[in-house]
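Student: this one's sequence-less:
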């Protein structure tokens, strides 16, 4: 069969890597792809939100399955457009993807269906938001309503930071239309963990728990990023807590979305805070996380194509989702200056020298005159699988030590929270 992957980041490289291992897949296309994906797939110069061009490609190449990676084309309705043309596609439809596309909608769903989350208020007026923050007293969290590439959340430990975040989002519009409304919510304390699940709208099959590292510097310091590394499984989510998350968060979310005429089919991602009151939802995402996908797919033993096709057919209950023993760790290598301004076009060396059981998943890379160069803020996800978390950490950082590019920086503490447990 022929598969098209939409997107061009580390998540999409991991999807291409996993899908390429299915004996049923004869050819993979990817639009737009990157330098790493180009080794596994035919990369097509199509942006992930160019719906007419994607439909033309699917029609022309007789694609059997389209897999949509990023949130922007999901929220724009790419799945709806392909389904309307009769093409099989993996991912939630537009109205379902709004659980990520609108923080206001997501909080409303959680409140209505009793899903544990932080107390909150919604504002479309900056002055009213600031007055509320002054009455609330810090700390609090300010969230832009719409999509902001993983950067639309400010954790404000003091009132000044919170007020500045409202000004940036609502008055200076640093995230454009995404900041027309903001959510102000109480700050939850605890350890973060990501729980992803496949769902066909009725059945919900959870994956391993994973832990992302959002802040740019070691020990969770500095501004939020799209993610500086991840590992799976995350021991903070014990088997008992995984069952609790399934029963009190994931299943109610899927049932609630169905009741709201937003049937959900695809990957549902719950970003959780493990508080002293139990797991509470920080956010829902409508797709595979990045960089959680990299270790999760290295740990997945089952054929991902079989899982996706069963999900599309509404037969997810017939799938036995199998996982390898051990653990996997991903360390993100970022461009100098990220998450602020950064250079592009820096040559990357050492990719051919990685140890066994280590994969360099490309994110912001490109080919230039036969050389692999940087082309984004997050450049590579060096991902290892080993017998346990300590071994996977050691192996991943051994891989990191082989790779070089000008300005490269990365966190040196990925997985430490698991060791400390």
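Tutor: Cool, the structure landed. These numbers come from a predicted model, not from an experiment.
Student: how about the helices in this structure?
Tutor: For the chain, the helices defined by DSSP state H occupy 10-20, 51-61, 71-76, 78-84, 94-101, 103-112, 126-136, 159-166, 239-245, 251-259, 293-299, 304-312, 389-400, 416-420.
Student: Using CSV, please lay out those helices together with mean pLDDT, mean neighbour count and distance to residue 276.
Tutor: Bear in mind the C-beta positions are built from the backbone N, C-alpha and C, glycine included. Shown next, in CSV, are the helices of the chain (pLDDT from 0 to 100; neighbours: other CB atoms under 10 Å; distance: least, CB to CB, whole Å):
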stretch, mean pLDDT, mean neighbour count, distance to residue 276
helix 10-20, 98, 27, 32
helix 51-61, 98, 16, 45
helix 71-76, 97, 23, 31
helix 78-84, 98, 19, 39
helix 94-101, 98, 23, 26
helix 103-112, 98, 19, 19
helix 126-136, 94, 15, 21
helix 159-166, 96, 19, 23
helix 239-245, 97, 15, 13
helix 251-259, 98, 18, 21
helix 293-299, 98, 28, 27
helix 304-312, 98, 20, 35
helix 389-400, 98, 21, 24
helix 416-420, 93, 15, 17
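Student: quick one: contacts for residue 69?
Tutor: If a contact means CB atoms under 8 Å, 6 or more residues apart in numbering, then residue 69 has 5-7, 9, 11-12, 15, 48, 287-288 as its contacts.
Student: show me the contacts for the nearest residue to it once chain neighbours are set aside.
Tutor: Leaving out its chain neighbours, the residue that sits closest to residue 69 by CB to CB, 6 or more residues apart in numbering is residue 7, at 3.2 Å. For residue 7, the contact set (CB under 8 Å, 6+ apart) comprises 15, 30-32, 48, 68-70, 73.
Student: From residue 184, how far off is the residue positioned nearest the centre of the chain?
Tutor: Geometric centre of the chain, nearest residue: residue 289, 1.8 Å, by CA atoms, centre = their mean. Noted for residue 289: a distance of 25 Å to residue 184, by CB to CB, to the nearest Å.
Student: same thing with residue 399?
Tutor: 41 Å.
Student: Skipping adjacent residues, who's closest to residue 309 in space?
Tutor: Nearest residue to residue 309, sequence neighbours excluded (CB to CB, 6+ apart): residue 65, at 7.1 Å.
Student: and residue 281, how many neighbours?
Tutor: Residue 281 is flanked by 24 other residues according to other CB atoms under 10 Å.
Student: Neighbouring strands - and their directions - for the lowest-mean-pLDDT helix or strand in the chain?
Tutor: In the chain, the helix or strand scored least confidently by mean pLDDT, DSSP states H and E is strand 221-224, which has a mean of 88. Strand pairing for strand 221-224, using DSSP bridges, gives strand 215-217 (antiparallel).
Student: what mean pLDDT does the strand it pairs with have?
Tutor: What strand 215-217 shows for mean pLDDT is 95.
Student: Distance from it to the middle of the chain?
Tutor: Distance of strand 215-217 from its chain centroid, counting by CA atoms, centre = their mean, to the nearest Å, is 17 Å.
Student: I figured the residue nearest to residue 309 was touching residue 91, is that so?
Tutor: No. Here residue 65 lies out of contact with residue 91, judged by CB atoms under 8 Å, at a distance of 10.9 Å.
Student: that older thread, for the least confident helix or strand of the chain, list every residue counted as buried.
Tutor: residue 224 (16 or more other CB atoms under 10 Å).
Student: Pull the residues that contact it.
Tutor: So strand 221-224 is in contact with 150-151, 153-155, 214-216, 339, going by CB under 8 Å, 6+ apart.
Student: Kindly recompute the last result at 6 Å.
Tutor: Contacting residues not belonging to strand 221-224 are listed as 151, 214-216, 339 [CB atoms under 6 Å, 6 or more residues apart in numbering].
Student: Including distance to residue 321, could those go into CSV?
Tutor: Compiled in CSV, the contacts of strand 221-224 are given as follows (distance: CB to CB, whole Å):
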residue, distance to residue 321
151, 32
214, 27
215, 31
216, 33
339, 34
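Student: List just the nearest of those to residue 38.
Tutor: Proximity of these to residue 38 was ranked by CB to CB; the top entry is residue 339 with 25.9 Å.
Student: gap between the nearest residue to the closest one once chain neighbours are set aside and residue 295?
Tutor: Leaving aside its sequence neighbours, residue 339 sits nearest to residue 225 (CB to CB, 6+ apart; 4.6 Å). Distance, residue 225 to residue 295, by CB to CB: 17 Å.
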